[in-house]
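Undergrad: Model the structure of this input:
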Amino acid sequence: MASTDGSGPAATETGLASRGGGLAPAEGLDASFADVSLNSTLDQTPPSSSRRSTLGDQVSLFSKTYTALFQGIDPSKGQPSFWDQLFLLKVNSQQLASLVDAQSKEKLVKIKEPINVVFAECLRVLEDENQIRAANAMLTLGILMQGIFRKKFDNFGFDVIDVLMGFDKMEESITAFHSAVRHILQSNPTPQLKDFALKLLLITVTATEKAHLNPFVEEMMKHSFFDEIVNMFASKISRETHGFQGVVLLGLLTSCSVKEGETNPYKQSLANITDELALSGIGSVISWIFEEKNSIWAQESVKLRPAGFLSNIGSMLGSMFVSAEEEDDTLVLDLSDSGGALLTLFQTVLLNANFLTVLTHTRVIDAPDKTPSAQSSGEDTNESKNLLSTFLTFASFVFAETPKSQTGQPFAKLCWCILMAITEDQHTNAFLHEDNLNLTATIFKAKMRHRPSCLETLTTEPLVVTLLGLCIEFLSSHLKKNLPIDLYSHCLGVIHRVLCYQKRTQTRLNYPYQGLWAALAGLVKFILKHEQHLDTAEAFGVANQAINICNFLMTYGDTLLSTLGCYDQMFYELIREHATFDALYDLAKRSTFRRDTDADGSVSEASQRLVRDLGNIRSIVNHFCPRIKGWQTANNVTVLTPKQVLAVVQKNYETLNLKLMDNLDQFASYKELEDSSSTFINDVIAESASTYVGTEMMVEVVVVNEAVSA
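TA: Residues are numbered from 1 along each chain as shown. From the prediction side, this is the model:
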């Protein structure tokens, strides 16, 4: 591919005539070009012996035509049917893309008139009854638009539009473009034509990172393509063929921000879908995409896994002398091509209550036969998985990628936001806690110094066990200074919502909560160690969430903890980590009186709330620690065992006084906490858009011709 620095083929300087009079031929053009007539090439039926020569002439003609166009020449002068016949020729995708990429932005502005002509002729031919012409016109248009969009003009609203179609004709040209694409989608076209039409829409939607500056998106907001996109999900064949493009378009369009005072029509339409077949189709396609990514990443993770016990020992010893930054055997993931599916899942879960039943469908239905993961891994596509369990696996891979790249952080936040929205729903929570579903849920655990990366599969327990395990794994192995602290806040929000459901329904989950206590204490230690590098108010807010999960279980544990031993174990962990909670109390107490860096009072407010909520933990520590030390002295024991400490705790419950705390089982709905057009959503859109803009629209037109003729 040629570079875009403007070092393209030398162009002959020409004066451009007015549009009405056509474009003047340039000096220095190969004389043989002027003598070549499309009529003479296409209308004659060559004998079989000369067929190869004629095809070579057509390829040469295509090359000369577009080379001339990018030199400012009108090759159609004197040939009224030039474009109709040119679009019957095979499109040399690579050459056309190279010609566009070779032009500098300044050069494109100079030769905008012939580009305007090509754009206008492509639009005219799009609705041609000859589908070969329409397919070639779409391919030409897609390559042309894609190449120009990649130039990153300073002013998309003027420069790009002026080069592509002429600014004075913008409104009518964009309307005609969308009308033609809509006509193709509604006219029961061949799969190839429909694929081209969807790719054209993807190219225009991803042309800019800021959708409200994109006139193509603005037109799509006025005249929605929602029905054309969603209808394809109701057909098994259609969603297998075009489901990926449909899900990406749906995710990007529903997530686009609009001008102040306006509403996004795609959000409104998505919220009102009641067609179960369409919703199930959307869920199936999202699940296929996640399954494909999970399969690829799982295979890559296996390659990184040590071969045996001695390798594990060697890896652990080696990591003692190598910094984390120097390790190059960690799993690196490409998340950008899954952004559209993630956005669609987020918006559908958030907007459409009917879709939550799709999440809990116990099987992934009618998966495509040609899915690469099914072919390469030999997995049973009817394995007992559903969209929710597949998403948990996908999220575990995303979280593993998060500490290594900033581009992965908005994807991780989006995953946590989806999980928060899901765990607010009563029906979905009931499904998560259902026994005997026999669902397969696999969680990826990233490499750490004391362990290699691994895949952990659970099949016999409620799915909520996998969800809690995912949360605890994140809190235990992803404590990094470079991560946004709100990721930990969202993770704790998911845990809190699950516990609130268990309290409300008096569900006792047989779960080893020791890992939760350790993870909460580890998070507090992390905040204490790095509080100078963190936003103090936000850090105190996260610490307060962790403390209130402990307060929640102290207050309501009798309705959800499986045994009294869980209570004892929680008190044991709080006592064992008393130095950590004392240090947090002292830090919060000092920050209460901070004035130099607390102009808005947020730190003071957060610290006062933290001091208050630490009251019960401090009461537990101050109540039991002297009694434990007294028992240790009386029995002349130097080191206490956990069993001895628990015995002292159990004997002294009756004299412990704790304060009742209000609203521990309340939380703000995710819809009230976040706006779906938040910055991180725009980051996911931008990362996803860069992938689709960079994807070449290279298709052999021979294949197109055969598909259209069939």
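Undergrad: CA only for contacts and neighbour counts going forward, please
TA: Noted.
Undergrad: Now do the same contact list for Ser389.
TA: Contact analysis of Ser389 by Cα atoms under 8 Å, 6 or more residues apart in numbering lists 439-442, 463.
Undergrad: In helices, which of those residues fall?
TA: In helices, defined here by DSSP state H, the members of the contacts of Ser389 are Leu463.
Undergrad: Regarding Cys491, which helix or strand does it belong to?
TA: Secondary structure assignment for Cys491, by DSSP states H and E: helix 486-505.
Undergrad: An error on my part: the question was meant for Thr390.
TA: Per DSSP H and E: helix 387-401 holds Thr390.
Undergrad: how far is that helix from where the chain is centred?
TA: 12 Å (Cα atoms, centre = their mean, to the nearest Å).
Undergrad: Tell me the residue in this structure that is farthest from the middle.
TA: Ala634 (60.6 Å; Cα atoms, centre = their mean).
Undergrad: next one: phi and psi at Pro462?
TA: Pro462 adopts backbone torsions of phi -60, psi 150, taken as degrees, to the nearest 10.
Undergrad: okay, now it: neighbour count?
TA: Pro462 has 21 neighbouring residues, counting by other Cα atoms under 10 Å.
Undergrad: Show the pLDDT at it.
TA: According to the prediction, Pro462 has pLDDT 90.
Undergrad: Kindly provide the distance from it to Ser295.
TA: Distance, Pro462 to Ser295, using Cα to Cα, to the nearest Å: 23 Å.
Undergrad: Same check on Glu172?
TA: Going from Glu172 to Ser295 by Cα to Cα gives 46 Å.
Undergrad: can you check Glu687 too?
TA: 22 Å.
Undergrad: swap in His427?
TA: Distance from His427 to Ser295, counting by Cα to Cα: 29 Å.
Undergrad: With Leu479 instead?
TA: 27 Å.
Undergrad: and if you look at Lys105?
TA: Lys105 is 42 Å from Ser295, by Cα to Cα.
Undergrad: of Glu172 and Ser295, who's got more company?
TA: Neighbour totals were compared for Glu172 and Ser295, and Ser295 leads with 18 against 10 (other Cα under 10 Å).
Undergrad: That one - that's part of a helix, no?
TA: Yes. Assessed with DSSP: H, G, I helix; E, B strand; the rest coil, Ser295 lies in a helix.
Undergrad: Outside of the stretch of helix or strand Thr466 belongs to itself, list whatever touches it.
TA: Element membership for Thr466 (DSSP H and E) is helix 463-477. Residues outside helix 463-477 that contact it (Cα under 8 Å, 6+ apart) are 389, 392, 396, 399, 431-434, 439, 441, 443, 445-446, 448, 458, 488, 491-492, 494-495, 511, 515-516, 519-520, 522-523.
Undergrad: rerun that using 6 Å as the cut-off
TA: Identification of contacts with helix 463-477 by Cα atoms under 6 Å, 6 or more residues apart in numbering yields 432-433, 519.
Undergrad: what do you get for stretch 485-496?
TA: 416, 420, 542.
Undergrad: Just send those residues back as JSON lines, with secondary structure too.
TA: Formatted as JSON lines, those follow (three-state DSSP):
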{"residue": "Trp416", "secondary structure": "helix"}
{"residue": "Met420", "secondary structure": "helix"}
{"residue": "Val542", "secondary structure": "helix"}
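Undergrad: Dump those into a markdown table; add neighbour count, pLDDT and distance to Ile273 as well.
TA: Shown next, in a markdown table, are the contacts of stretch 485-496 (neighbours: other Cα atoms under 10 Å; pLDDT from 0 to 100; distance: Cα to Cα, whole Å):
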| residue | neighbour count | pLDDT | distance to Ile273 |
| --- | --- | --- | --- |
| Trp416 | 25 | 95 | 25 |
| Met420 | 24 | 95 | 22 |
| Val542 | 26 | 96 | 37 |
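Undergrad: any low-confidence regions in this structure?
TA: 1-59, 304-331, 362-384, 403-404, 450, 452, 458-460, 594-599, 671-678, 690-710 (pLDDT under 70).
Undergrad: And it, what are its domain boundaries?
TA: The chain breaks down by automatic domain parsing into domains covering 1-223, 368-687.
Undergrad: Now those in a markdown table, please, with extra columns for distance to Ser284.
TA: Formatted as a markdown table, the domains of the chain follow (distance: least, Cα to Cα, whole Å):
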| stretch | distance to Ser284 |
| --- | --- |
| domain 1-223 | 19 |
| domain 368-687 | 8 |
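Undergrad: Which one of the ones you listed lies nearest to Gly251?
TA: domain 368-687 (8.8 Å; Cα to Cα).
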